[in-house]
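Peer 1: Predicted model and sequence follow; I will ask about them next.
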Amino acid sequence: MSVVRLALRLATVMALKGKTLAGEDVGDSVIAAADSRMRPDRAPAIVVYIDDAARNLRVLLAEQPKHSIWLDVELMVTAKVERGNQTHYGVHMTDAGLECLLDVMERQVDVALSDTESPWAELYRSLHVGAGERRSIRAASDQGIRTASRQISMELHPIPEPTYGNDPSGVWARLLELMAAEPECAHLVPLVRNMLTGDVPAHQWQIDIRDRLLSDGQTDALLLRPVPGAEADVAIASIAEPDAEPGT
């Protein structure tokens, strides 16, 4: 499981709750078809999910993005066909009215995710180092309930996955802190912490090896593995390049 993807979805959901026409009806990765997700009272709803991710393992330029994630925010509003031209949020529930509500909600999503007063929005922004393409696609279906929905897809370049075994710090410590303060997230704190550190934080030399994806042969060639019995006492401060061979 990707810790960054989990954190991005959670931060997005929590940053949007109570900040749009959907109110608290913001879901994480709802799989059901759009028609079956509509609430009986026809209130707007939002679903956040991540379908696609790509990692570039051969990076030649320092500024070249190493990883892309497509974060999708799906907006939905509905009106029963037989109810006709009723109003909702002061808007007539015609095709034009539904489209108006979608426009309002899309604007509210952008405002919520850029909110400087929201700790969850700040966490969302801290979890990526830049953004690429942004798409806004409208879709509708007619199966007894007239459905209008729009999918906002944002290409984000996330921060690197944390190396397994590190004691949570920085953005990861902040994630656990915010989760612990929210009743609907608090039960996930032990799971996420275990994804970060395991049962016990690793020694620094183990973290360095994992961070560089070194094989046993590479580890031994670089003299990174401590002698048996000294594992807990060794911390790697730096790795120096070997001296040039004599005569070169």
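Peer 2: Noted; the coordinates are in hand.
Peer 1: Worst mean pLDDT across the helices and strands of this structure, which element?
Peer 2: Ranked by mean pLDDT, DSSP states H and E, the weakest helix or strand in the chain is helix 34-37, scoring a mean of 48.
Peer 1: buried sites along the lengthiest helix in the chain?
Peer 2: Counting by DSSP state H, the longest helix found in the chain is helix 95-113. The neighbour-count check on helix 95-113 (16 or more other CB atoms under 10 Å) flags 97-102, 104-106, 108-109, 112-113 as buried. No exception for glycine: its C-beta is placed from N, CA and C like everyone else's.
Peer 1: mind giving me the domain ranges of the protein?
Peer 2: The chain breaks down into these domains under automatic domain parsing: 3-161, 204-233.
Peer 1: among the ones you listed, which gets the worst mean confidence?
Peer 2: Confidence, taken as mean pLDDT, is least for domain 204-233 of the domains of the chain (a mean of 64).
Peer 1: still on that earlier bit, after the longest helix of the chain comes which helix or strand?
Peer 2: Next helix or strand after helix 95-113 toward the C-terminus (DSSP states H and E): helix 119-126.
Peer 1: tell me the angle that following helix makes with helix 95-113.
Peer 2: Orientation of helix 119-126 against helix 95-113 (axes from the mean of the first three to the mean of the last three CA atoms, to 10 degrees) gives an angle of 80 degrees.
Peer 1: ok, back up a step: please tabulate the buried residues of helix 95-113 in JSON lines, including the columns distance to residue 175.
Peer 2: Formatted as JSON lines, these follow (distance: CB to CB, whole Å):
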{"residue": "97", "distance to residue 175": "39"}
{"residue": "98", "distance to residue 175": "36"}
{"residue": "99", "distance to residue 175": "36"}
{"residue": "100", "distance to residue 175": "36"}
{"residue": "101", "distance to residue 175": "32"}
{"residue": "102", "distance to residue 175": "31"}
{"residue": "104", "distance to residue 175": "30"}
{"residue": "105", "distance to residue 175": "26"}
{"residue": "106", "distance to residue 175": "26"}
{"residue": "108", "distance to residue 175": "24"}
{"residue": "109", "distance to residue 175": "21"}
{"residue": "112", "distance to residue 175": "18"}
{"residue": "113", "distance to residue 175": "16"}
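Peer 1: Perfect, that will be all.
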